[in-house]
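Asker: Have a look at this prediction, sequence included:
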Amino acid sequence: MSRAGKIARRTFLIGSAAIAGGVAFGVVAYKRPHANPLLDDLQDGEAALTPYVLIRPEGITLITPRADLGQGAYHVQAALLAEELDVDLADVTIDPGPPSPAYYNTALSGDAAPFPATDTGFMAETTRAVLDAPMKFLGVQITGGSTTVPDSYEKLRRAGAMARETLKEAAAQDTGTPRADLTTKTGAVILPDGTRLPYTDLAAKAAQIDPVEDVSPRAPANWQLLGQPMQRVDILAKSTGTQDYGIDLEMEGLIHAAVRTNPAMGGEMLGFDATQAETMRGVEKVVPITGGVGVLANNTWRAFQAVQAIKVEWGPAPYPADQADHWAKLEQSFTADAQDSQYKNEGDVDAALDTARVIDAEYRAPYLAHAPLEPINATVRVTDSRADVWTGTQIPRFVQDNVAEITGLNAEEVHVHVLMMGGSFGHRLEDMVVRQATELAMQAKGRPVKLTYSREEDISHDFPRQIAMARGRGAVANGRVTACDLGIAMPSVMGSQMGRQGLPIAGPDLQIVAGAWDQPFAIPHYRVTGYRAEGLPPISSWRSVGASSNGFFHDSFLDELIHAAGADPLEERLRLCNHAPSRKVLEAVGEMSNWGAPLGENQGRGVAYCLSFGVPCAEVIEVTQTEDGLRLDKAFVAAEVGRVLDPVNFENQVQGGLIWGLGHAMMGEITFAEGRTEQQNFDTYPFLRQYQCPEIKVRGLENGASVRGVGEPPVPPAAPALANAIFAATGKRLRDMPFNKQVDFL
Amino acid sequence: MQLSIDGTTHELDVEPDMPLLWVLRDELGLKGVKYGCGIAQCGACTVQIDGQAVRSCQVMAGDVWGEVTTIHGLGSPETLHAVQAAWVAHQVAQCGYCQSGQITAAAALLAEVPNPTDTDIDDALSGNLCRCGTYPRIRAAVKTAAKKLQEG
């Protein structure tokens, strides 16, 4: 990495503090585009017209740099390019491409600014633009924050259009026909007489001319592909067992590996005895690694068995050993000293709460594992001159730098090959597995080493979702909510996560209050304060991040206040809501669920709303109290995304997000005892199953100004909608997740 | 030992207590069969033995009692099984990692119960975890496949 790059990595602040440090800094200087990485390896007759389109005589490749975790990112990126390029997705190759600063994520910085997504004023937009400069400078290529669609929507359509017009220009120069008289269809330029000139034949010429940059993407009314149901490019493979994931990688000479690291995350390995393991069938080598020990063997199961047979002495946890002490850390954080932010402070909250009858409530959300069904894994091969990494990752550039540091190679000598992921939910924003596989591969130079975590190793080193607590105080008068004061305490997920990548974060962490401070409600006296708890275990972004806990806190407390006021839950939310697209999602779920229609005796209906990742999302859940427990009958979701690019995948993502939110509200938590997670597998860390899944109706609204991603926004409203429904059905108010510690479900 | 898998007999030299899952994946390269938990909690490793859905992580190689059918034996991208075709039509998969197990379990259900009720589907498929939350589409696809199979 260049000197400037090193300095930037050390000193740059990603997150809200970048405003303080970054405003004056080089928006203009760093506005130059990054070099196109595809130009490095081009052969004669090949053209890389933008970093996203590679045309060779043998075929067309679309580069889809945002990782596919199951959310359909490859498909939507390819469709955005294909819509403009006029190629059939069945005829092209889709490749995630090399890690490159050219693929930095624009949309991520937009959401790092401390302005609610509903604020499109001058200060908000200026800050977002300024934050984009350091993101581009650092070349942060991250998949996360539901940003693939907002990041790609303009960029990839423009890239497709540029490639198309450049190919047309090449054809124009070859044939003498003006570019304006040419059209394109299914991978070819069409001359006025109908002659087809395949793009692949035009590549050599196109590579020699300046790209046509004066293009504007087609109007949605003219779309052929986007906005209509499409068959996902990976659906056939994923329906036949022929989709290969990282865990399925095979290659000549591959060694299987397993590790055990200190079950107290980050604790030391003090010593080990591998006498028995070394004699076990298939074991090649036992290797100490940072914080633990690994086994190289000729079969995954043999490696698992052998690593379990090693006797290891572990050091203590670098955080409180027992769960009660973790909660105590949060309880002690509601202080002025630990205050992290107070972005919302309207009216005179103290005065309003001094005079009125005050409603108090306290809420808790536990640690949760990401636990994607494909256990994390990485294959690494190290030689004296290069390293290759094959893995499912959302952070390929960080992986590249970290492997370079471990091996002593230059980053350019580290080749990261991103593979399809069997889920992530934020888990693959961590790269510890790659670092460990690299350490192992250094002990078997020249041979690929595939490290597969056992499920137990994975859940116990998951870098879980934050634990969080909220304390609400509020007031009501004349049937209305008049005051809401919400304090939220949690550890900083951004601090923990980016700290592991050597990027110190200064200033407040927006995630501590995300999904609470930025909600569009005109409550006269309204305050949201974030408190930062220190000294807890490492944590990481979990589908919807801060909003996954805060959406529950904020909307549950609002629901309590509305009930105290004696108002209708939907009507009062609508009355308080001061954001037109958000009102429309609330109205939509009201209509979809036939809100207000009578229910049976043991039934209840709850509504919840949360704005997260720029997407207003409202949900209604209906439950029945049966003799055997609570049954989830129906769920209704309305989400505002600006434009639905793929209706099938949209519905699938929204259903999945809702189920994710419901399942983790109902059951499952990670707790610590003696520094270790008490849960290691799906027997003690359960999740919603087929028989528990409600019927789900989904509606996408397109009233908003910007196009947004929907992987995360359906998660935050799910828990409060369910809790509010259970309250309506049973009169029992649930303030702690998981709910099955207080009520029974079928 | 000898194992018959997807219509082919394999001669294997493995420990009798190696789970069938790892024989299939690491010894025979049948990677469509997935490892998810190793303790019969997730169903990603589901295969059929003599038509019955079983968790291959819990069947030791030495205990296999019949003909093993994996996701690869049900059909291929060129020759889809009716259940696989329904999975494509409904675009069930998100990450797709659990779907081999879901499809294999669904095919075993439909072979036994041609016209399953919602309760039959719950009973047969609740052992198969999907962290992406594709349950509504799985249910719909099973019903489509049942209809298709009954029509012949």
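Answerer: All right, it came through fine.

Asker: For whichever residue of the stretch 401-550 of chain A sits closest to chain B, grab the count of nearby residues.
Answerer: In the stretch 401-550 of chain A, the residue that lies nearest chain B is A:Gly422 (3.1 Å; CB to the nearest CB). Any C-beta I mention is one placed from the backbone N, CA and C, and that applies to glycine too. A:Gly422: 32 surrounding residues under other CB atoms under 10 Å in any protein chain shown.

Asker: helix or strand for it, which one?
Answerer: Per DSSP states H and E: A:Gly422 is located in neither a helix nor a strand.

Asker: Tell me who's in contact with it.
Answerer: A:Gly70, A:Tyr245, A:Ile247, A:Pro372, A:Leu373, A:Glu374, A:Gly392, B:Lys34, B:Cys95, B:Gly96, B:Tyr97 (CB atoms under 8 Å, 6 or more residues apart in numbering or on different chains).

Asker: out of those, which are buried?
Answerer: Buried residues within the contacts of A:Gly422, counting neighbours by 16 or more other CB atoms under 10 Å in any protein chain shown: A:Gly70, A:Tyr245, A:Ile247, A:Pro372, A:Leu373, A:Glu374, A:Gly392, B:Lys34, B:Cys95, B:Gly96, B:Tyr97.

Asker: A:Gln342 - how many residues pack around it?
Answerer: Per other CB under 10 Å, the neighbour tally for A:Gln342 reads 15.

Asker: Same check on the one 5 residues further on?
Answerer: When neighbours are counted by other CB under 10 Å, A:Gly347 registers 16.

Asker: The residue of chain B most remote from its centre: what's it in contact with?
Answerer: Going by CA atoms, centre = their mean, the residue of chain B most distant from its centre is B:Asp13, 24.6 Å out. For B:Asp13, the contact set (CB under 8 Å, 6+ apart) comprises B:Met1.

Asker: does any part of the lengthiest helix in chain A sit near chain B?
Answerer: Looking across chain A with DSSP state H, the single longest helix is helix A:148-175. No. Helix A:148-175 lies apart from chain B when judged by CB under 8 Å from any CB of the partner chain; the minimum separation is 14.0 Å.

Asker: I'd like the mean pLDDT over that helix, please.
Answerer: Here helix A:148-175 scores 92 as its mean pLDDT.

Asker: Show me which positions of it end up buried.
Answerer: A:148-153, A:155-172.

Asker: Then stretch A:683-694?
Answerer: A:Tyr685, A:Pro686, A:Phe687, A:Leu688, A:Arg689, A:Gln690, A:Gln692, A:Cys693, A:Pro694.

Asker: Please work out how many residues are found near the residue lying closest to A:His461 once chain neighbours are set aside.
Answerer: Take A:His461 and drop its neighbours on the chain: the residue closest to it by CB to CB, 6 or more residues apart in numbering or on different chains is A:Met265, 5.8 Å away. Look at A:Met265: counted by other CB under 10 Å, it has 23 neighbours.

Asker: Show me what from the stretch 1-150 of chain A comes close to chain B.
Answerer: A:Leu69, A:Gly70, A:Gln71, A:Gly72.

Asker: near chain B, which of the buried residues of stretch A:683-694 show up?
Answerer: Filtering those for neighbours of chain B using CB under 8 Å from any CB leaves A:Phe687, A:Leu688, A:Arg689, A:Gln690, A:Cys693.

Asker: Export the helix of greatest length in chain B to CSV, keeping only CA atoms.
Answerer: Using DSSP H, we find that the single longest helix of chain B is helix B:135-151. Output of helix B:135-151 as CSV, limited to C-alpha atoms (Å, rounded to 0.1, in the frame of the first residue of the first chain):
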residue,chain,number,x,y,z
TYR,B,135,-40.4,-21.1,4.3
PRO,B,136,-43.5,-19.6,2.5
ARG,B,137,-41.9,-20.4,-0.9
ILE,B,138,-40.9,-23.9,0.2
ARG,B,139,-44.5,-24.6,1.2
ALA,B,140,-45.8,-23.3,-2.1
ALA,B,141,-43.3,-25.2,-4.1
VAL,B,142,-44.1,-28.5,-2.4
LYS,B,143,-47.8,-28.0,-3.4
THR,B,144,-46.8,-27.2,-7.0
ALA,B,145,-44.6,-30.3,-7.1
ALA,B,146,-47.4,-32.5,-5.6
LYS,B,147,-49.8,-31.3,-8.3
LYS,B,148,-47.3,-31.9,-11.1
LEU,B,149,-46.4,-35.3,-9.9
GLN,B,150,-50.1,-36.3,-9.6
GLU,B,151,-50.8,-35.1,-13.1
